[in-house]
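J.: What follows is a protein structure lacking sequence information:
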């Protein structure tokens, strides 16, 4: 699995939808508090055994209510 600490941005919002930002929001390293909170949430979910979808440039964790956390690697 990719190292989440290498992520460049993290999306929180609708799962199984486009990721243009209309159903969620992005945080990048220029938003350190929000980015750190989302990173910590993803790390905790993975530690608890959450199912992940890993592709070449992202890791996605589906949440309840058709929501997701997605870390992107540029």
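T.: Thanks, I have it. This structure is a prediction, so every number in the text was calculated from the model and none was measured.
J.: from here on, contacts and neighbour counts on C-alpha atoms
T.: Will do.
J.: quick one, what contacts the closest residue to residue 43 other than its chain neighbours?
T.: Distances taken as CA to CA, 6 or more residues apart in numbering place residue 4 nearest to residue 43, at 7.6 Å, with adjacent residues excluded. By CA atoms under 8 Å, 6 or more residues apart in numbering, the contact set of residue 4 is 39, 43, 71.
J.: out of those residues, which is most surrounded?
T.: When neighbours are taken as other CA atoms under 10 Å, the top entry among these is residue 71 (28 neighbours).
J.: Are we agreed that that one is in a strand?
T.: Yes: read with DSSP: H, G, I helix; E, B strand; the rest coil, residue 71 is one of the residues of a strand.
J.: Could you check how far it is from residue 23?
T.: Noted for residue 71: a distance of 16 Å to residue 23, by CA to CA, to the nearest Å.
J.: quick one on the thing from earlier: and of the contacts of residue 4, the nearest to residue 19?
T.: residue 71 (12.0 Å; CA to CA).
J.: Show me what that closest one is bridged to.
T.: Per DSSP bridges, the residues bridged to residue 71 are residue 10, residue 59.
J.: Now for residue 69, how many residues are close by?
T.: Around residue 69 there are 24 residues (other CA under 10 Å).
J.: now the helices for this structure?
T.: Applying DSSP state H to the chain gives helices spanning 32-47.
J.: Any stretches of it with poor pLDDT?
T.: Judged against pLDDT under 70, the chain has no low-scoring part.
J.: Save the contacts of residue 4 as a markdown table, and put in distance to residue 62 too.
T.: Listed next are those as a markdown table, based on distance: CA to CA, whole Å:
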| residue | distance to residue 62 |
| --- | --- |
| 39 | 15 |
| 43 | 13 |
| 71 | 12 |
